[in-house]
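Colleague: fold the following, please.
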Amino acid sequence: MATPATAEPIPPPVAAMIDAAAANPDQLKLVADIAKKTNPSSVAEIEARVAGLQAASAQARAERLARQGLFEGWTGNGELGGFISSGNTENRGLAIGINLNKETRRWKHGLRGQVDYQEDQGITSRERYFAGYEGNWKFSPRGFAVLALSFEQDRFTGFSSRFAQALGLGYRLVDGKRLTIALDGGPALRQTRFTNGIGETVLAARAALNGKWQATPQLAITQTATYYADNINSSLLSLTQASARVNGRLSARISVQINNEGNPPPGRENTDTVTRATIVYSF
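Modeller: Here you go, the predicted model:
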């Protein structure tokens, strides 16, 4: 490797290739690695140029986030496909989902909706609705505060409505480019209306896990789990998803969702499992 005194400038065509890849971090790393191998006498200059491009990109991103209005900067995806369920209901039906995300300099917002529905000879045999919001306020590079709100309805599990509101603190255990793992927890309040007409409002403890592994540029695996515990019942919602990119905006997704109630209403099973196969459109 050349020393600073004998280092050679980056050849103009190589510099142009590095600059052209600046908008895509993965592509920039790939181009830079190739450039260093093919131009060993310019390694220091290549690393300096890449560092400058990365710093400029980070600054531009921070400025862009600072200028965003309330309805700007949202990204997300919608999915459509089918499901197979087991537990309190064993059938197949239509699965619809939507995810929206927005990130500012301090906040990260996430909205999620999911519908599983089946009708057999005019009679509803599976009907579950879920809507949730999670806001993370970053107070350090890895630490964050959490506000989580959710609504769900699943008459076949035994409740016609359940609202939950939670506050907490979280920490990113792993914060890499390809792998992220975050944990959070805190107090929550839940209001449940059962299908027998009985309602209850309880104070609970909440814990959550969010993880994502970008196995390849085309394949991503995510795991989310939320657990509530109170003096009457406990609830676990676990969702594992594997998404394979088909082209720029379309992906194929397989997911497995597990819902477990520690103390379900009489005559109901503890665990429901839903397996979904969907096509996802990103926007």
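Colleague: tell me what Phe83 is bridged to.
Modeller: Gly93, Arg276 (DSSP bridges).
Colleague: give the contact list for it.
Modeller: For Phe83, the contact set (C-beta atoms under 8 Å, 6 or more residues apart in numbering) comprises Arg92, Gly93, Leu94, Ala95, Asp116, Val274, Thr275, Arg276, Ala277. C-betas here are computed from N, CA, C, even on glycine.
Colleague: Ala62: which of the residues you listed is nearest?
Modeller: Arg276 (36.8 Å; C-beta to C-beta).
Colleague: touching, that closest one and Ser243? I think so.
Modeller: No: when contacts are counted by C-beta atoms under 8 Å, Arg276 is not listed as touching Ser243 (11.6 Å).
Colleague: one step back: out of the contacts of Phe83, which is most surrounded?
Modeller: Counting neighbours by other C-beta atoms under 10 Å, Ala95 leads the contacts of Phe83 with 25 neighbours.
Colleague: for that one, what is the enclosing helix or strand?
Modeller: Assigned by DSSP states H and E, Ala95 belongs to strand 92-103.
Colleague: just checking, next helix/strand downstream of that strand?
Modeller: By DSSP H and E, the next helix or strand past strand 92-103 is strand 107-120.
Colleague: buried residues in the next helix or strand after that next one?
Modeller: Toward the C-terminus, strand 107-120 is succeeded by strand 123-138 as the next helix or strand (DSSP H and E). Neighbour counts over strand 123-138 (16 or more other C-beta atoms under 10 Å) mark Ser125, Arg126, Glu127, Arg128, Phe130, Gly132, Glu134, Gly135, Asn136, Lys138 as buried.
Colleague: quick one: average confidence on stretch 26-37?
Modeller: For stretch 26-37, mean pLDDT is 88.
Colleague: ditto for stretch 208-221
Modeller: Per-residue pLDDT over stretch 208-221 has a mean of 96.
Colleague: so what are the domain limits for the chain?
Modeller: 12-67, 75-282 (automatic domain parsing).
Colleague: returning to what we had before: format the buried residues of strand 123-138 as a markdown table; extra columns: distance to Pro12.
Modeller: Output for those, formatted as a markdown table (distance: C-beta to C-beta, whole Å):
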| residue | distance to Pro12 |
| --- | --- |
| Ser125 | 67 |
| Arg126 | 63 |
| Glu127 | 63 |
| Arg128 | 59 |
| Phe130 | 55 |
| Gly132 | 52 |
| Glu134 | 48 |
| Gly135 | 47 |
| Asn136 | 44 |
| Lys138 | 40 |
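Colleague: need the CA coordinates for stretch 37-50. CSV is fine.
Modeller: Extracted in CSV, the C-alpha atoms of stretch 37-50 (Å, rounded to 0.1, in the frame of the first residue of the first chain):
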residue,chain,number,x,y,z
LYS,A,37,-8.2,-3.6,-5.1
THR,A,38,-7.6,-2.4,-8.6
ASN,A,39,-5.8,0.9,-7.5
PRO,A,40,-3.7,-0.1,-4.4
SER,A,41,-1.6,3.0,-4.7
SER,A,42,-4.7,5.2,-4.3
VAL,A,43,-6.3,3.5,-1.3
ALA,A,44,-5.9,6.5,1.1
GLU,A,45,-7.4,8.9,-1.5
ILE,A,46,-10.3,6.5,-2.2
GLU,A,47,-11.1,6.1,1.5
ALA,A,48,-11.0,9.9,2.0
ARG,A,49,-13.3,10.4,-1.0
VAL,A,50,-15.8,7.8,0.2
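Colleague: would you indicate which residues of it are buried?
Modeller: Buried residues in stretch 37-50, counted by 16+ other C-beta under 10 Å: Asn39, Ser42, Val43, Ala44, Glu45, Ile46, Arg49, Val50.
Colleague: surely the third one touches Lys37?
Modeller: Going back to what we said before, that points to Val43. No: Val43 is beyond contact range of Lys37, at 9.2 Å (criterion: C-beta under 8 Å).
Colleague: okay, and the beta partners of Thr180?
Modeller: Taking DSSP bridges, one obtains Asp175, Lys212 as the residues bridged to Thr180.
Colleague: got a list of what it touches?
Modeller: Shown in contact with Thr180 (C-beta under 8 Å, 6+ apart): Arg172, Val174, Asn210, Gly211, Lys212.
Colleague: what's near enough to touch the residue nearest to Tyr129 when sequence neighbours are not counted?
Modeller: Once flanking residues are discounted, Tyr129 sits nearest to Gln153: 4.6 Å by C-beta to C-beta, 6 or more residues apart in numbering. By C-beta under 8 Å, 6+ apart, the residues touching Gln153 are Glu127, Arg128, Tyr129, Phe130, Phe159, Ser160, Ser161, Arg162.
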